[in-house]
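Asker: the following block contains a protein sequence and its predicted model.
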Amino acid sequence: MIGLLKINWWKFLSIPLLLYALIAGMLIPLGPGIVSVNPSSVTRGATISFDVAGYNTHFDEDDRSLNVLLKNENNLICASNVTVIGSTLLNVEFGIPPDLRTVSKRDFYNLVIYNETDGTFFLRNAFSVQRHDEQEGIGFNCTTILKNELPKGVVIPYREILYESIRNLFFHVPMWFTMIFLMFFAFICSIIFLATNNEDFDLVASTAAAIGLFFGLLGILTGMVWANFTWGAPWVNDPKLNGAAVGMLIYLAYFVLRGSLNDDRTRARVSSVYSVFAFVIFIVFIFIIPRLKGVDSLHPGSGGNPGFNMYDLDNTMRPVFYSAVLGFIILGMWMTSLVARYRKLFQLQLDKT
Amino acid sequence: MLSEILLLVKKDLLLEWRMRYAIGGILLYVVATVFVIYIILSGERSLEMVNHRWWSILFWMTMIFTAVNAIAKSFTQENRERLLYYYTLVRPQSVILSKMLYNMLLMLLLALIALAIFSVMLGNPVKNFAIFLSAVTLGGMGFSFVLTLVSSIASKADNNATLMAILSLPVLLPLILIIQKLASSAFFIDSSFSNALNDMAVLAAFNLLLVALSYILFPYLWRD
């Protein structure tokens, strides 16, 4: 096994992969988006002029194609006047017709902006129209063709709530993948050890578990920073977080068990049995229980939240994400092989003296 | 193999009968724990505030810690030489299966006693007994299966009591989550047995997985 770890040309793959993920993940700009609208409500029949603050937009570059709309299921209202103040600041004027069709006392509109450089982008429920009478009104449609175009150049999608923290996807998620991968590797090595009684496999298994634990810790830290920004608290009750905590507890217990056994052969065998037993239950915990009926998660892909595959992971992010995953897994294996070989050398030296 | 298992279970029962104080100690442990809960709650004048949620938390906590204490001694009450003697006589699979069977019986007994004492001292908010009893039965089986293998692991190390708790609790958590989901439906009068069948099937499947894992892994521990 230790001999196998000496074949390690693959470790160099992690360097370009991680460099690419780091540089692309950190330097590709976020796509255009709308941060806020002020003021954000108006009474029917009035004319309103408001400021629109954009993010990474290029309002000043292309005046003629600039098109600002308010849109909901019933109505489409065009701006009567648009003044460009800066590349990220607009002043827009809307005349709201007095007989506009309204469904409730307070109807929400999406603010849609189009220009040639930035494509089409919008802010959901940016603006509301209030009515003080009971008249429902008629539908209103200004004559314009709503284009749906992507921004020019390579950008990471702008998402409300996430904003720039969307880049954490390239670091937080690969940490977990690496942890699961290393723990699976430790599980396989433990099985091989039980089958062959070759103690090198136990050495590699315990090293992989330790490095996996390290990546798990990094995964929790990056996750806490992200959760604090998007969900408002570093730790929330969520099946995926519980799964992570259980995984950490299992492998911490594994190291306590190893520490409390003195005889080398007993330690290797007993801890391998525990590692196999606990890993199977861990897999049940993280892959099966979250899929049971009535278990909700804030993470994408469950509990009504869209998965990353639906639209979050677009074609810009996909290669960066995959190379980060692969890069971190290879880095984890590299670290495992280094530590395992160091420990083997240490053992050999101990045997000599 | 079946005869070996039955023989070993009989041996365990006989051993337990001869050391009656051990099982008496565990029973007293349950009673004392419930009494401590009762004293704390009545001292705070909050006994009437124990709704079904708190009741269920306290009940399962008592169950977990009773189980850990009761099963921890599975492999330590007999000395090494005697275990070596069994090793020459029977297959390791029979040893683990008989221990699991015996601990399951012990666990079910303890669960029923805990349920009885809870009902007497803290009242009983359970509305659907069929669901709750099946949760207690399947859950108790799961607890005893996990803890039997973990106790054989912990018996190899020195600081047995601490190790038993830290090794078993993370492994018990998935079980606890499913049990809690199943048992929580037993507190409502309108929940039907057939709706809970899905969770019961998951729990039963999990128990089977535990038996299979112990069956495969125990022979490696036994060889010492």
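Answerer: Perfect, thanks for sending it.
Asker: pLDDT score for the nearest residue to residue A:97 once chain neighbours are set aside?
Answerer: In space, not counting the residues next to it along the chain, residue A:97 is nearest to residue A:140; the distance is 5.6 Å by CB to CB, 6 or more residues apart in numbering or on different chains. No exception for glycine: its C-beta is placed from N, CA and C like everyone else's. As predicted, residue A:140 sits at a pLDDT of 75.
Asker: pretty sure residue A:140 is touching residue A:72, no?
Answerer: No: applying CB atoms under 8 Å, one finds residue A:140 not in contact with residue A:72, separated by 10.6 Å.
Asker: any buried residues in the lowest-mean-pLDDT helix or strand in chain B, and which?
Answerer: With mean pLDDT, DSSP states H and E as the measure, the helix or strand of chain B carrying the lowest mean pLDDT is helix B:80-89 (a mean of 80). Neighbour-count burial for helix B:80-89, counted by 16 or more other CB atoms under 10 Å in any protein chain shown, picks out residue B:86.
Asker: go ahead and name everything in contact with it.
Answerer: With contacts defined as CB atoms under 8 Å, 6 or more residues apart in numbering or on different chains, helix B:80-89 is touched by B:8, B:75, B:95, B:222.
Asker: tell me, how many residues neighbour the residue nearest to residue A:97?
Answerer: 14 (other CB atoms under 10 Å in any protein chain shown).
Asker: ok, now which ones touch it?
Answerer: A:74, A:75, A:76, A:77, A:97, A:100, A:101.
Asker: in a markdown table, list those residues along with secondary structure, neighbour count and pLDDT.
Answerer: Below are those laid out as a markdown table (DSSP: H, G, I helix; E, B strand; the rest coil; neighbours: other CB atoms under 10 Å in any protein chain shown; pLDDT from 0 to 100):
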| residue | secondary structure | neighbour count | pLDDT |
| --- | --- | --- | --- |
| A:74 | coil | 16 | 79 |
| A:75 | coil | 22 | 82 |
| A:76 | strand | 17 | 84 |
| A:77 | strand | 22 | 85 |
| A:97 | coil | 14 | 81 |
| A:100 | strand | 20 | 81 |
| A:101 | coil | 17 | 82 |
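Asker: what residues does chain B put near chain A?
Answerer: Residues of chain B lying close to chain A (CB under 8 Å from any CB of the partner chain) are B:149-150, B:153, B:156-159, B:163, B:166-167, B:169-171, B:173-174, B:177-178, B:181, B:198-199, B:202, B:206, B:209, B:213-214, B:217, B:220-221, B:223-224.
Asker: so where's chain B shaky on pLDDT?
Answerer: B:44-49, B:159, B:224 (pLDDT under 70).
Asker: tell me, how many residues neighbour residue A:138?
Answerer: The burial count for residue A:138: 11, using other CB under 10 Å.
Asker: beta partners for it?
Answerer: With DSSP bridges as the criterion, residue A:138 is bridged to residue A:100.
Asker: residue contacts, it?
Answerer: Here residue A:138 is in contact with A:99, A:100, A:101 (CB under 8 Å, 6+ apart).
Asker: quick check, residue A:239 in contact with residue A:289.
Answerer: Yes: counting by CB under 8 Å, residue A:239 does reach residue A:289; the two are 6.5 Å apart.
Asker: follow-up on the earlier one: okay if I get the contacts of helix B:80-89 as a markdown table plus secondary structure and distance to residue A:278?
Answerer: Converted to a markdown table, these look like this (DSSP: H, G, I helix; E, B strand; the rest coil; distance: CB to CB, whole Å):
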| residue | secondary structure | distance to residue A:278 |
| --- | --- | --- |
| B:8 | helix | 26 |
| B:75 | coil | 18 |
| B:95 | helix | 21 |
| B:222 | helix | 19 |
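Asker: picking up where we left off before, just the contacts of residue A:138 now: which is nearest chain B?
Answerer: Proximity of the contacts of residue A:138 to chain B, judged by CB to the nearest CB, is greatest for residue A:101, which lies at 43.3 Å.
Asker: what does chain A have sitting close to chain B?
Answerer: By the criterion of CB under 8 Å from any CB, the positions of chain A lying close to chain B are A:194, A:242, A:246, A:249-250, A:252-253, A:256-257, A:260-261, A:266, A:269-270, A:272-274, A:276-278, A:280-281, A:284-285, A:289, A:292-295.
Asker: please flag which of those residues sit within helices.
Answerer: Secondary structure assignment by DSSP state H places A:194, A:242, A:246, A:249-250, A:252-253, A:256-257, A:266, A:269-270, A:272-274, A:276-278, A:280-281 of the residues of chain A next to chain B in helices.
Asker: residues making contact with stretch A:216-223?
Answerer: With CB under 8 Å, 6+ apart as the test, stretch A:216-223 has contacts from A:168, A:171, A:172, A:175, A:176, A:179, A:241, A:244, A:247, A:248, A:251.
Asker: go ahead and confirm the fourth one touches residue A:215.
Answerer: Yep, that's residue A:175 we're talking about. Yes: counting by CB under 8 Å, residue A:215 is a contact partner of residue A:175 at 5.2 Å.
Asker: shared neighbours of these two, which are they?
Answerer: What both residue A:175 and residue A:215 touch, as defined by CB under 8 Å, 6+ apart, is the set residue A:328.
Asker: closest one of the contacts of helix B:80-89 to chain A?
Answerer: residue B:222 (10.1 Å).
Asker: residues contacting that closest one?
Answerer: Contact partners of residue B:222, counting by CB under 8 Å, 6+ apart, are B:87, B:92, B:95, B:96.
Asker: can you pick the most crowded of those residues?
Answerer: Neighbour counts for those (other CB under 10 Å) peak at residue B:96, which has 27 neighbours.
Asker: quick one: pLDDT of residue A:17?
Answerer: Confidence score, pLDDT, at residue A:17: 91.
Asker: surely it is within a helix?
Answerer: Yes: judged by DSSP: H, G, I helix; E, B strand; the rest coil, residue A:17 forms part of a helix.
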